[in-house]
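S.K.: pasted the sequence and its predicted model underneath.
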Amino acid sequence: MKLPYVPSFLTAGTLLLALVACTDHVFPPAGFPLFAEASDPKILSTAPNGTVIYNGGFGSALATDPNDPNIFYLLTDRGPNSGGVAANSIIFGKADFTPQIGKFRRDGDKLVLIETILLKNAAGQLLTGLPNPSGQGSTGETPLDLTGKTLNPDPDGLDSEGLVRAADGSFWVSDEYGPHLVHFDASGKTIERINPFGSGTGGRVLPKVLAKRRPNRGMEGLTITPDGKTLVGLMQSPLYNPSSSAVSGGTILRVLTFDITSGETHQYAYVMENSSLTGCSEVAAITNTTFLALERDGNYGGDPAKPAKFKKVFKFDLAGATDISDPANGENGKLYNGQTVEQLKNTAGLQSAGITPVTKTLVLDLLAQINPVYPHDKAEGLALIGNSTLAISNDDDFGVIDNGANGFAAKILPATGKVDRNRIYFVNLATPLK
């Protein structure tokens, strides 16, 4: 049985009794609302058909402030976009949009934007979200502005998806293009840019095999170990390695660890629950070897026509998993009996090749355990507060979606009838994670 939302002012004893009485419901922690919402975002632009595009878009990733439990850093992606007339063309709702980090303060059940950190290149010039040139992370898309004019690719373009706030106040961001891994100072200026092509700054590179990422399904998640020494990235979907057709139906994702000091990397196999999913949207550290991963489909919670069926958080452990790194750093990575890791497709295929994937256990089912219904399609940000509180943000897509006719439409949530807005949900787990 589902119980109504329990206000945060209830005593710890009352909350415990409620949890015992109804174990299928997850309540917000004491002092937190069920969710906090970014209200009244500014208008970013207006599409030719009159659709308003908001300067939301925050929620592709989430980072907390260790010094203030009510401060959150939320990341945008490359900006509002929809499909163009020509194949593989894409319309940018604001061609000069700069990927950015919003610093929000939670005030009751509202998220108040108190600072915007615009991301810049090493020369201090504002970045764009435009696709990269061929050989530098291109997705094969032709970018267009709202008038249909073709835009030039941008070697510094970033489709930012993963966010880490380091102890010194700087940021690490991962993206879906290269994928790129970029270190920014506290003001948003690039310190170092790292990718599989060696076209970044500083001379360090990521494993070449990561360039096989499926277009727009790159390094979706990024976190840092509690000791501050290692970045851990999670690819959203199986790499097209060696090709899309060769990995059809596969469920094997790659986890990357990156030693911040030395640049040394390691890779591990993560098996998502089924091949129909959009993939893994985020990763968050628990300990230096255990992490959380957010797996989801692309449907809306509470949609009567096509309801979401899968949005879950898993705990996974690198301990005992096989390092699948390729010492030769080949374009297809290490091969097993002539096959790429992705061609092995599933747990049975990994086992036949002598590979042990990371171990997984279910932590939270957003659709079954959040009440009222979780209404969003894109649960994309995840953070652990303390030992047992999860913060989960959604990507609201700047309040717009592709209208299916080469333009934009308002992104209306079926469960609420309202335009999607950035929220952070707060979940108290019955069993602490550490």
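M.R.: Good, I have the coordinates.

S.K.: low-confidence ranges in the stretch 251-400 of the chain?
M.R.: Scanning the stretch 251-400 of the chain for pLDDT under 70 picks out nothing.

S.K.: now the helices for it?
M.R.: Remark: helices assigned in the stretch 251-400 of the chain by DSSP state H, counting those that start in this stretch are 347-352, 366-369.

S.K.: buried sites along the longest one?
M.R.: It refers to helix 347-352. Using 16 or more other C-beta atoms under 10 Å as the test for burial, helix 347-352 gives 349-350. Placement of C-beta: from N, CA and C, glycine included.

S.K.: returning to that earlier point: adding distance to G221, write the helices of the stretch 251-400 of the chain out as CSV.
M.R.: Listed next are these as CSV, based on distance: least, C-beta to C-beta, whole Å:
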stretch, distance to G221
helix 347-352, 21
helix 366-369, 16
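
S.K.: please name whichever of those helices is nearest to S60.
M.R.: helix 366-369 (17.0 Å; C-beta to C-beta).

S.K.: hmm, back to that, out of the helices of the stretch 251-400 of the chain, which is closest to G202?
M.R.: Among those, the nearest to G202 by C-beta to C-beta is helix 347-352 (33.8 Å).

S.K.: residues in contact with that closest one: which ones?
M.R.: Outside helix 347-352, the residues that touch it by C-beta atoms under 8 Å, 6 or more residues apart in numbering are 252, 269, 271, 341, 343-344, 356-357.

S.K.: return it as PDB; C-alpha atoms alone will do.
M.R.: Only the C-alpha atoms of helix 347-352 are listed here, as PDB (Å, rounded to 0.1, in the frame of the first residue of the first chain):
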ATOM      1  CA  THR A 347      27.100 -11.600 -18.700                       C
ATOM      2  CA  ALA A 348      27.300 -15.000 -20.300                       C
ATOM      3  CA  GLY A 349      29.500 -13.700 -23.100                       C
ATOM      4  CA  LEU A 350      31.800 -12.000 -20.600                       C
ATOM      5  CA  GLN A 351      32.000 -15.200 -18.500                       C
ATOM      6  CA  SER A 352      32.900 -17.300 -21.600                       C
END
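
S.K.: how about the contacts of helix 347-352, which pair is most distant?
M.R.: Largest separation among those by C-beta to C-beta: Q343 and T356, giving 17.6 Å.

S.K.: more neighbours: which of these two?
M.R.: For Q343 versus T356, the count of surrounding residues by other C-beta atoms under 10 Å is larger for Q343: 21 against 15.

S.K.: ok, the more buried one to G56 distance?
M.R.: Distance, Q343 to G56, using C-beta to C-beta, to the nearest Å: 39 Å.

S.K.: which residues in the stretch 101-250 of the chain form strands?
M.R.: Under the criterion DSSP state E, counting those that start in this stretch, the stretch 101-250 of the chain contains strands at 110-118, 142-144, 160-165, 171-175, 181-184, 190-194, 219-224, 230-235.
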